[in-house]
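J.: Sharing a model prediction with you, sequence too.
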Amino acid sequence: MTFASIVDWDALLETVAVSVAAGLGIVVVFSIAIYGAARFAEGRRVGAPMETALAAVLTVVALIACVGAVAAGIVVMVTR
Amino acid sequence: MGDDIVLVIVVATALAFDFTNGFHDTANVVATSISTRAMSPRLAVAYAAILNFVGAFISLEVAATVAEDVVEQGAITPTVVFAGLIGAVSWNLITWYYGLPSSSSHALIGGVIGSTIAAVGTGAVLAEGVVGEVLVPAVVAPIVAFFIGAAAILACYRIVGRQRPGAVVRGFRLGQIASGGLLALAHGTNDAQKTMGVITLALIANGTLAEGAGVPFWVVVSAATAIAFGTYTGGWRIIRTMGMRIHKMDAAQGFSAQGAGAAVILSSSYFGFPLSTTQVISGGVIGAGAGKRLSAVRWGIAGNIVVAWLLTLPAAAAIGALAYGVTRAFGTGAVGPVVVTVAAVALVAVAFARRVRQGAPVPAG
């Protein structure tokens, strides 16, 4: 029995890949939501309706993506 | 009858361990939210306790690993499991006393391995499972969390760096309510399952369950309740270490660290790796600090944490082996476990009283 055969490398690599994708992905997408919210506030402050609307859409889409990713992850775990 | 008394003591000790696990690890879960003022301590701890409870119901893969892949089910007795638990609880309390965020999970697995070796030798330890499913993931997971935390904070700053700080901080604090909740859920999923695995192991060792049997529902509910109660009770000393002493975090760093930790723990739970949630969260916290500025991390404290990690498995194994020896000195009946339990409770009471006198590891509030 070798060290390489003891470890389930496929499962381990998959764990690493999913962790990186989920951890980094959610933080990046949530940061985009915050960027959108900050631009939205700035757009309203200076009276730029186009920028405000675009920022609102960006924020909402990014937040939906975050919530969807978390919900999908939990559903996958529960239904295994 | 004697065996049943031992089994009851084992289950009670396992639930006590689960309580200390929650108590010990509260800080890991809530420290970042508290230190960035995303939540008040009392609210953060209550929130984490509820999500710990819920998380315990999400998956049973880790419980199966602990019950089946660490030691030979047929070779051990409830007394062996009991001694292993004493090793784990003792090491948890020692590290709590000194404010070190060591791993409850490795303490548990180390304790059970130590008592098994003392009872029946190394042959009953499943080296393949211990190395492949515990040790290698134990090394990989915190490193992955470190790099995710570091990359995530760099990405955060790049995306929001030029925006007004007020809106950004408010946004990340709100995000931390979600990421902190996810981390608590992940913690319940991975850590409560270890206790479920150990109780299942004891039930099999006692002949109450057949070898290879699944985790009974009452075990899931009781483990979930014990860890949630322990989490609610909290551990203020380690909250300070995790939240303030490694490095002072801003809300974006807290969010990045929690996101990294939750992602690694949840994906590991899915594959049944019984990780140290403490190590993973510490990896995320240190990564989120180092990603901003290497000198922001107090590497001396980070080094103490690493030393505690390295010591945990062998130290808990040694205490587990010693506890087995002491228990067996009173014979094979219930007397040994009763005497060791009374002694352990007395030591816990003394340690707690001393700690409170010296500087209040009080429930957050």
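T.: All right, it came through fine.
J.: Look up which helix or strand the residue nearest the centre of chain A falls in, please.
T.: The residue lying closest to the centre of chain A (C-alpha atoms, centre = their mean) is A:I26, at 2.2 Å. In the assignment (DSSP states H and E), A:I26 maps to helix A:9-46.
J.: So what's the residue count around residue 30?
T.: Picking chain A for this. As a burial measure, A:F30 scores 29 neighbours (other C-beta atoms under 10 Å in any protein chain shown). Yep, even glycine has a C-beta here, placed from its N, CA and C like the rest.
J.: other chain: chain B
T.: B:V30: 32 neighbours (other C-beta under 10 Å).
J.: for B:K248, same thing?
T.: Neighbour tally, B:K248, other C-beta under 10 Å: 13.
J.: And for the one 4 residues further on?
T.: Burial measure for B:A252: 30 neighbouring residues, criterion other C-beta under 10 Å.
J.: what sits against it?
T.: A:S31, B:I153, B:C156, B:Y157, B:V160, B:V168, B:V169, B:F172 (C-beta atoms under 8 Å, 6 or more residues apart in numbering or on different chains).
J.: mind running it again at 7 Å?
T.: Residues counted as contacts of B:A252 (C-beta atoms under 7 Å, 6 or more residues apart in numbering or on different chains) are B:I153, B:C156, B:Y157, B:F172.
J.: And B:T65, by the same measure?
T.: B:E133, B:G197, B:G272, B:P274.
J.: ok, and the closest non-adjacent residue to the third one?
T.: Same thing as B:G272. Among residues not flanking B:G272 along the chain, B:E61 sits closest, at 3.5 Å (C-beta to C-beta, 6 or more residues apart in numbering or on different chains).
J.: how near is that neighbour to B:T195?
T.: 15 Å (C-beta to C-beta, to the nearest Å).
J.: neighbour count winner among those two?
T.: B:T195 (32 against 19).
J.: What does B:A288 show for phi and psi?
T.: The phi and psi values for B:A288, taken as degrees, to the nearest 10, are phi -70, psi -30.
J.: How about the contacts made by it?
T.: So B:A288 contacts B:G149, B:A150, B:I153, B:M249, B:Q253, B:S256, B:A257 (C-beta under 7 Å, 6+ apart).
J.: could you point out which element follows the strand or helix carrying B:V169?
T.: Secondary structure from DSSP H and E places B:V169 in helix B:165-205. Sequence-wise, the next helix or strand downstream of helix B:165-205 (DSSP H and E) is helix B:217-233.
J.: Show me what that next one is packed against.
T.: helix B:2-35, helix B:41-55, helix B:165-205 (3 or more C-beta pairs under 7 Å, 6 or more residues apart in numbering or on different chains; DSSP states H and E).
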